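Engineer: Need a 3D model of the sequence below.
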Amino acid sequence: MDVSDNDKTFNIRIETPLMLSDDFNTMTTYDFIIIRAEKRNPEDLRAKDTGCVFFHLILSLPESAIPARAAAYFSNGILTIVVPKKGSCRELMPGHVSSI
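Structural biologist: Reported below is the predicted structural model:
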């Protein structure tokens, strides 16, 4: 996982080579982003003994973040979450993962 920021946004990048955009569920709270992913297709998994890949990640954000306006994008096995900072003019769509 890589986390970076600039003047307008916080940027979170997570490599998830076994997952598809439909495998993710992202939620935001007042100061957290919650990311869950689950894959239950044994033919596509390396974890043959369980037949399931699952992860759950909770990210605490600084006070300058606006989690309710976060946007998540998935492309080529990489989940990117962009969280605007207070005072920036950027408007983002909350709540779901988009494929690019």
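Engineer: Not counting sequence-adjacent ones, nearest residue to Ala70?
Structural biologist: Val83 (4.5 Å; C-beta to C-beta, 6 or more residues apart in numbering). For glycine as for every other residue, the C-beta is placed from the backbone atoms N, C-alpha and C.
Engineer: The one you found and Pro62 touch, don't they?
Structural biologist: No. With contacts counted by C-beta atoms under 8 Å, Val83 stays clear of Pro62, the gap being 9.6 Å.
Engineer: Which one of those two is surrounded by more residues?
Structural biologist: Under the neighbour definition other C-beta atoms under 10 Å, Val83 and Pro62 were set side by side, and Val83 has more, 26 against 11.
Engineer: tell me, what's touching Val83 and Pro62 both at once?
Structural biologist: Both Val83 and Pro62 are contacted by Phe10, under the criterion C-beta atoms under 8 Å, 6 or more residues apart in numbering.
Engineer: quick one: strands adjacent to whichever helix or strand the residue nearest to Ala70 is part of?
Structural biologist: Assigned by DSSP states H and E, Val83 belongs to strand 78-84. Using DSSP bridges, strand 78-84 pairs in its sheet with strand 9-15 (antiparallel), strand 71-75 (antiparallel).
Engineer: Could you pull up the residues touching the residue nearest the centre of the chain?
Structural biologist: Taking C-alpha atoms, centre = their mean, the centroid of the chain lies closest to Ile81, which sits 4.9 Å from it. Counting by C-beta under 8 Å, 6+ apart, Ile81 touches 11-14, 26, 33, 35, 70-73.
Engineer: Need the worst-confidence member of the residues you listed.
Structural biologist: pLDDT is lowest at Thr26 among the contacts of Ile81; the value there is 86.
Engineer: I'd say that residue and Ile35 touch.
Structural biologist: Yes. Between Thr26 and Ile35 a contact is recorded at 5.3 Å, counting by C-beta under 8 Å.
Engineer: all strands for the protein, in order.
Structural biologist: Using DSSP state E, the strands of the chain run over 2-5, 9-15, 24-28, 32-39, 53-60, 71-75, 78-84, 97-99.
Engineer: now the fifth one, how far from the chain's geometric center?
Structural biologist: Just to be clear, that refers to strand 53-60. Strand 53-60 sits 9 Å away from the centroid of its parent chain (C-alpha atoms, centre = their mean, to the nearest Å).
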